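Enquirer: Sequence below, structure please.
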Amino acid sequence: MPLPAARPDRRRLLRVVGVGLVGIAVGVGATLAAHGLGGGADRAASVQRLDLPAGGVAAAAPTPGEATGSAPVRAGSARAAVQRFLEARAAGDAATAYGLLDRAGRKRYPTPARFERAQADRAVVTAVRVGRERTTGAARADVTVTLSHPPAIDPFAGLVPARTVEVWRASRQDGRWRVAADPVSVRADLPSDDRAPETVTAWVQRLLGCDRQGAASLQVGAELYGPADLAELPCQERGRWTVADPEGFDAAVEPEAYVAAFGPEVGSWARLVPVQGPRTRFHVVVGPLGDAWRVLGTDPDKAR
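Expert: So this is what the prediction gives:
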């Protein structure tokens, strides 16, 4: 006997339809995840290859000549810009200093990190005193500044004067004052040459008493440059010793040891002070250490 046609089970049918819909949804979701909405597979890949500037993507394009990675810093005048630039450098605030750098400086140092590394060889600055501002052209001015440093004389740094008088150039670019990466000029503020004989007189007096420890307190270091035997003569030659006015280092008879230790720049800051004993004459070589002169060594009166 033929069976009547089976009626569909509604609950079973709904389960089948539901499973089918879930499968479709999962397939569509996987497709979108793999390719991106709107068929943007190529767009996602290009974002992964994008070279981002240091510091992230800027909200707007930088002004011409302005490097990304550091916000520009505003200053109301050339004098204020130079002061803020140098004070930021002294404080190790490379971001602020870089934000005041002019267009040429940013081209030379494309990132704040490169600019900061370039400052490593500069003398440490402990104080900034800003002087006068002088206009040198349209939207350009030179500012005179006195910088204070921890003074030193050594074979690595040469002379680090207690103060330098420097001229820094600022120019108005892109609507704000900016500062050049390097000064226009630098001049060491040295103590007066007239004070050099005072130091040498005190040094010779101690050697006359064979007080080598006392004499060393007036020296740059324990070891002296130049002929070692000359410093022993005041202890050996008793009698009257005199000290004369200082001369330039270019008159040195044997400058080699000093040039080897401090570089050719020693000729611009060292001085020769002639001393005369009962039978001997030679020069004492001195250098400026802070606001005083200190003995570096000796130099013969003539080639030996």
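
Enquirer: And the helix or strand Arg106 falls within, what's buried?
Expert: Using DSSP states H and E, the element containing Arg106 is helix 103-108. Neighbour counts over helix 103-108 (16 or more other Cβ atoms under 10 Å) mark Arg103, Gly105, Arg106 as buried. Where you see a C-beta, it was placed from the backbone N, CA and C, and this is true even at glycine.

Enquirer: next structured bit after it?
Expert: Assigned by DSSP H and E, the successor of helix 103-108 is helix 112-118.

Enquirer: name the helices or strands packed onto the helix or strand just after that following helix?
Expert: Going down the chain from helix 112-118, the next helix or strand is strand 127-137, by DSSP H and E. In terms of contacts (3 or more Cβ pairs under 8 Å, 6 or more residues apart in numbering; DSSP states H and E), strand 127-137 is packed against helix 78-90, strand 140-148.

Enquirer: Which helix or strand in this protein has the lowest average pLDDT?
Expert: Lowest mean confidence among the helices and strands of the chain (mean pLDDT, DSSP states H and E): helix 41-48, at a mean of 31.

Enquirer: that older thread, which of the buried residues of helix 103-108 sits closest to Arg84?
Expert: Among the buried residues of helix 103-108, Gly105 lies closest to Arg84 (Cβ to Cβ), at 14.7 Å.

Enquirer: That closest one: what's it in contact with?
Expert: Neighbour list for Gly105: Phe115, Arg178, Val179, Ala180, Ala181 [criterion: Cβ atoms under 8 Å, 6 or more residues apart in numbering].

Enquirer: Confirm Ala196 sits in a helix?
Expert: Yes: according to DSSP: H, G, I helix; E, B strand; the rest coil, Ala196 belongs to a helix.

Enquirer: ok, it - contacts?
Expert: By Cβ under 8 Å, 6+ apart, Ala196 lies in contact with Pro246, Arg271, Val273, Val286, Trp293.

Enquirer: May I see those residues arranged in JSON lines, with pLDDT as well?
Expert: Below are the contacts of Ala196 laid out as JSON lines (pLDDT from 0 to 100):
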{"residue": "Pro246", "pLDDT": "97"}
{"residue": "Arg271", "pLDDT": "98"}
{"residue": "Val273", "pLDDT": "98"}
{"residue": "Val286", "pLDDT": "98"}
{"residue": "Trp293", "pLDDT": "98"}
